[in-house]
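A.B. asks: structure, please.
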Amino acid sequence: MDFSAVNWLAVIVAAVVAWLFGAAWYMGLSKPWLKAARLDPATMSKSPLPFVISFIAELVMALVMSLIIGAMTGGEPSLVAGLVFGFVLWLGFVATTLSVNHRYEGFGWDLTIIDCGHWLGVLLIIGAVIGWFGAGEAAG
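C.D. replies: This next block holds a predicted model:
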């Protein structure tokens, strides 16, 4: 793995924008998501830990996406490549995993659609930012 080709600014920006998207997504869909997830806001923990963990996870996703896009494009990432890889990774790993997990956990398709929509947005945003920013300085 050539970490010298990683555009670290793009990784950080992608994670921040993806995290903000997630906040907006779930704020807008909070009532249907709570119902689908069978959660009662009155009994939920008010810990900031899930928000911290989601940001760290999105940083990791952005780094991995940067490595994948860089390797698959010969070090020449583009906006289109970022969007394509974001979609393909979402379809191949996220949509399939959530669909299976939610069926075993006994949740309805409404939760799967909400959660899959969130992760589709996250991966498209990360891919777009990584592709738009391009490779790191050492790659050129």
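
A.B. asks: from now on I want contacts and neighbour counts done on CA atoms only, so please keep to that.
C.D. replies: Will do.

A.B. asks: now the closest residue to I130 other than its chain neighbours: which helix or strand?
C.D. replies: Closest residue to I130 apart from its sequence neighbours, by Cα to Cα, 6 or more residues apart in numbering: A10 at 5.5 Å. Assigned by DSSP states H and E, A10 belongs to helix 8-28.

A.B. asks: what comes into contact with that helix?
C.D. replies: 33, 54-55, 58-59, 61-63, 66, 118, 121-123, 125-127, 129-130, 133-134, 136 (Cα atoms under 8 Å, 6 or more residues apart in numbering).

A.B. asks: for L34, see how far away the residue of the chain most remote from its centre is.
C.D. replies: Distance from the centre of the chain peaks at A42, with 27.9 Å (Cα atoms, centre = their mean). Distance of A42 to L34, given as Cα to Cα, to the nearest Å: 11 Å.

A.B. asks: what is the burial count for W19?
C.D. replies: W19: 23 surrounding residues under other Cα atoms under 10 Å.

A.B. asks: residue ranges with poor pLDDT in the chain?
C.D. replies: Low-confidence segments of the chain, defined by pLDDT under 70: 1-2, 136-140.

A.B. asks: give me the residue at the spatial middle of it.
C.D. replies: Note: the chain centre (Cα atoms, centre = their mean) maps to V122, 3.4 Å.

A.B. asks: next up, identify which helix or strand it is on.
C.D. replies: helix 109-133.

A.B. asks: what is the neighbour count of the residue nearest to F87 when sequence neighbours are not counted?
C.D. replies: Nearest non-adjacent residue to F87, counting by Cα to Cα, 6+ apart: L124, 6.3 Å away. For L124, the tally of surrounding residues (other Cα under 10 Å) stands at 23.

A.B. asks: how about the contacts made by L124?
C.D. replies: G82, L83, G86, F87.
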